[in-house]
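J.: with the input below, show me the fold.
(chains A and B)
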Amino acid sequence: MSKELIRLRDLCMAYDDELVLDHLNLYINDKEFLTLLGPSGCGKSTTLRIIGGFTAPLSGDVLFDGVRINDVPPYKRQINTVFQKYALFPHLNVFENVAFGLRMQRRPDPSDPKRKTKLPEEEIRQRVLEMLEAVSLKGFENRRTDALSGGQQQRVAIARALVNRPKVLLLDEPLGALDLKLRKDMQIELKRIQQQVGITFIYVTHDQEEALTMSDTIVVMDKGTIQQIGTPEDIYNEPKNAFVADFIGESNIIDGVMVQDKLVQMYGRQFPCLDGGFSENEPVDVVIRPEDIDIVPVEQGQLTGTVTNVTFKGMQYDIIVDFRGFKWLIQTTDHSPVGARIGIKIDPDGIHVMKKSRYSGLYGDYSSFSDEYDELDTVEPEEGGDEA
Amino acid sequence: MKPKLSRFAIPYVIWMALFVVAPIVLVVVYAFSNDLGGFTLENFSKMGTYAVVFGRSFKLALIATLICLVIGYPVSYMMSREGERFQRAAMVLIMLPMWINFLLRTYSWMSILENNGLLNQVFQKTGLLSLYNSLFGTSLEYFPMMNTQGAVVLGMVYNYLPFMILPIYSVIVKLDGSLVEAARDLGADGVNVFRRVILPLSLPGVLSGITMVFVPSVSTFAISKMLGGGTDLLLGDLIEQQFLGGAYNPQLGAAISLVMMVIVVVCMVVMNRFGEGEEQAVIL
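T.: Residues are numbered from 1 along each chain as shown, chains lettered A, B, ... in the order given. Alright, predicted model coming up:
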């Protein structure tokens, strides 16, 4: 559909002998909203900094429009960045913060093309005001930046980057400091702005929900390598390994054996599924999303288990069910009391079979589930605080 | 509601009253009285004769402050860009001379600058002196460096340079690195990053550095006495003479101190205004 704009070829990066990026390969299309998603320390921010030109990779190439830009300093790249803590200039007001990039620009003088001139003041003024209006900050020109709320500072940072009409906008966890409500609003706002200006956004976050909401493409990373690249739907519905399945949404991940194409065995029972392409009797990881499980009377169930915990979540109940020592999470609108024996049924399209990986056996059991569920809900430590 | 003074503030209040407020009040009272204790403005009307001393003091202090700034800013800036260990080591080296007694330090400059002192010996041994003599047709046996205004300025710069470096350094080192990255991201090259971000943001440090060098320089008497030979009188010497020297006249001394204090305060206020204006100027 659209053409390739950025290509990262075989990038390696290490800090103090610790490998942060391990032979990373990635291409990014023009006008695409791409999210680098992963836990802290996965290398996503480093990747962004390499694209922005703030960090040089140990080895590998960065290509922009087919041209290698490894040695091009940041101020010569057609790329602008929205920094994690905005990095607004405290000595400048809102107008001058946004105008900063324009004041740095030089272009050939129309009367004497050999000479370079500054942009005319009138043009700077017009473009800054336009941009401030685009981010709903009209009338804030003369405010000091420290007199703005977090959300407003955020929008100044976006305006300051976009006013230069870059081909790519890099965003490094820009919503991390905002409260939940504002974050949700800004997610929609960012997506709107991206579609309006029609340029590539590369967005770094550890928040899977943010990634699912805004992205055209999600790149899931861990330990400096890419785990999976795909659309939000792909990533959620067809996770490639236990890490992705666990990181994106809630999942029960069960050891299984692929008996044959479209038939997987768990707990000694065979379940029809839609996956194939495995060798006969290959051990696999099976992912079952909590919302894909139906609770049925015991006699109709494919499996039977005991309810050990129920949490009311508003839209649904989170029910923990013990199946022979392995605890599953089920999300359902039907209430089942603690201690009840229930049966479950899973449709073939609710079962996702994955090859075994180094992440097998690490995730997907809800045994640690307890009354403190809310605290354990978000496994990534960075996330917990804001949402509680 | 009136904010109540905390019990713990009392020692400070007493301290400030005794050692800050009371001396200033005394200076003011002395400045406006004659030797019998009556009110007079005579002390100020006599001061015109000392205009030269005022001028010389402010000129030398200004030169010393400028030199400190020209040396101190680049040093602070480069220091802040080095590794943490280098910064710590450099800091110790800058502070080290301040652990040695002020007079001792100045005395050692005397023996360096003397006519047969260290520097002149070096000039003689290396042939620099004879080279100078043959170039300019002079027959100097040494370079006269002691008892010059240059030596006084040197003494001021040497003694007060750390007070320029420290405040500037501490502002620059705390500067958020992401601001520099943001500026580079927005198209600023090295020069522009410095001019438009680092310099305006380090201005508070520069202003306090200037204050901390200028004020002691303008009022110093030991340096001018030791390195200037007491020939070119400075304000500090003048005041000292009124209190301790032959020209005993504490009332006049107090009046000179007062005028000097007022001029310094006015300078500082104007400069701070200018500093805020500078920030504005960068905005505009």
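J.: next, count neighbours for the residue of the stretch 1-150 of chain B found nearest chain A.
T.: Residue of the stretch 1-150 of chain B nearest chain A, by CB to the nearest CB: B:G83 (13.7 Å). Using the backbone N, CA and C atoms, a C-beta is placed for each residue, glycine as well. B:G83 has 8 neighbours, counted by other CB atoms under 10 Å in any protein chain shown.
J.: B:F123 too?
T.: The burial count for B:F123: 18, using other CB under 10 Å.
J.: so where does it fall, helix or strand?
T.: Assessed by DSSP states H and E, B:F123 sits inside helix B:118-126.
J.: list the buried ones in that helix?
T.: Residues B:119-120, B:123 are the ones in helix B:118-126 that count as buried (16 or more other CB atoms under 10 Å in any protein chain shown).
J.: and stretch A:275-289, by the same measure?
T.: Using 16+ other CB under 10 Å as the burial criterion, the residues of stretch A:275-289 that qualify are A:275, A:278, A:284-289.
J.: check stretch A:179-186 too.
T.: For stretch A:179-186, by 16+ other CB under 10 Å, it's A:182-183, A:186.
J.: in helices only, show me those.
T.: Those of those mapping onto helices are A:182-183, A:186, per DSSP state H.
J.: of those residues, closest to B:S33?
T.: The closest of those to B:S33 turns out to be A:L182 (CB to CB; 66.8 Å).
J.: check contacts around the nearest residue to that closest one once chain neighbours are set aside.
T.: Leaving out its chain neighbours, the residue that sits closest to A:L182 by CB to CB, 6 or more residues apart in numbering or on different chains is A:G151, at 4.9 Å. By CB atoms under 8 Å, 6 or more residues apart in numbering or on different chains, A:G151 lies in contact with A:178, A:182, A:185-186.
J.: go again using 7 Å as the cut-off
T.: A:178, A:182, A:186 (CB atoms under 7 Å, 6 or more residues apart in numbering or on different chains).
J.: tabulate these (JSON lines), appending pLDDT and distance to A:P120.
T.: Shown next, in JSON lines, are the contacts of A:G151 (pLDDT from 0 to 100; distance: CB to CB, whole Å):
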{"residue": "A:L178", "pLDDT": "81", "distance to A:P120": "36"}
{"residue": "A:L182", "pLDDT": "84", "distance to A:P120": "36"}
{"residue": "A:M186", "pLDDT": "87", "distance to A:P120": "33"}
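J.: tell me which of those residues is nearest to A:E32?
T.: For the contacts of A:G151, the nearest to A:E32 is A:M186 (19.5 Å; CB to CB).
J.: pLDDT score for the residue positioned nearest the centre of chain B?
T.: Central residue of chain B (CA atoms, centre = their mean): B:V213, 2.4 Å from the mean position. At B:V213, the model reports a pLDDT of 93.
J.: mind listing what it touches?
T.: Applying CB under 7 Å, 6+ apart to B:V213 gives the contacts B:64-65, B:68, B:160, B:163-164.
J.: next step: the residues you listed restricted to helices.
T.: B:64-65, B:68, B:160, B:163-164.
J.: which of these sits closest to A:I51?
T.: A:I51 lies nearest to B:M164 out of these, by CB to CB, at 40.6 Å.
J.: do I have it right that the closest one meets B:L207?
T.: No - between B:M164 and B:L207 there is no contact under CB atoms under 7 Å: 11.0 Å.
J.: so where is the stretch 1-150 of chain A shaky, pLDDT-wise?
T.: The model of the stretch 1-150 of chain A has pLDDT under 70 over residues A:1-2.
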